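1. sequence first, then the predicted structure, then my questions.
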Amino acid sequence: MIELTPEMQTAVNNALADGVPCILATASADGKPGLGYRGSMMAFDGQSLAYWERAKRGGLDNIRTSPYVIVLYRNPATSEAWKFLGRATVHEDGDIRDQVMARTVQRELDRDEERQGFAVMIELDRIETLAGQVVQSQD
């Protein structure tokens, strides 16, 4: 079972403010990789991460065709680092979208003045160290 520790939740929630935004890795249905920073990444609850998708480019296209993602968090100053592996779902409207938008850091919302973005929810399957050691798993 996945249960994000308080340490993990605090680290992810403060990643942008700490100058270490999370990196999201995606892949298209035909296997083409995508990689990008997500300054709005948050620990949504004990089992899920979420972020505000405002750019609507390659990463979003990839998620729509292949939901499997990896979120990388690494902070050299604290030596904290994890890979969060899971399945992403896009929420273009509704309660989840509203909840994620309400919790998105202002700096990211300011870049989406008309609030045209979407919420992306990542249900976690596994958490690993950077070396690949499994810390937690749904299995």
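-> Yes, it's here.

2. burial measure for Gln106, as a count.
-> 7 (other C-beta atoms under 10 Å). All C-beta spots, glycine's among them, are computed from the backbone N, C-alpha and C.

3. ok, it to Asp112 distance?
-> From Gln106 across to Asp112, the span is 11 Å (C-beta to C-beta, to the nearest Å).

4. do the same with Ala25
-> With C-beta to C-beta as the criterion, Ala25 and Asp112 are 22 Å apart.

5. now do Asp93
-> 15 Å.

6. also Tyr68?
-> The value you get for Tyr68 to Asp112, if C-beta to C-beta is used, is 26 Å.

7. show me where this protein has its helices.
-> 6-13, 58-65, 95-103, 106-109 (DSSP state H).

8. residues making contact with the longest one?
-> Going back to what we said before, that points to helix 95-103. Identification of contacts with helix 95-103 by C-beta atoms under 8 Å, 6 or more residues apart in numbering yields 42, 44, 50-52, 91, 109, 115, 117-121.

9. ok, the second one next?
-> By C-beta under 8 Å, 6+ apart, the residues outside helix 58-65 that reach it are 24, 26-29, 32, 34, 36, 53, 69, 88, 90, 118, 120.
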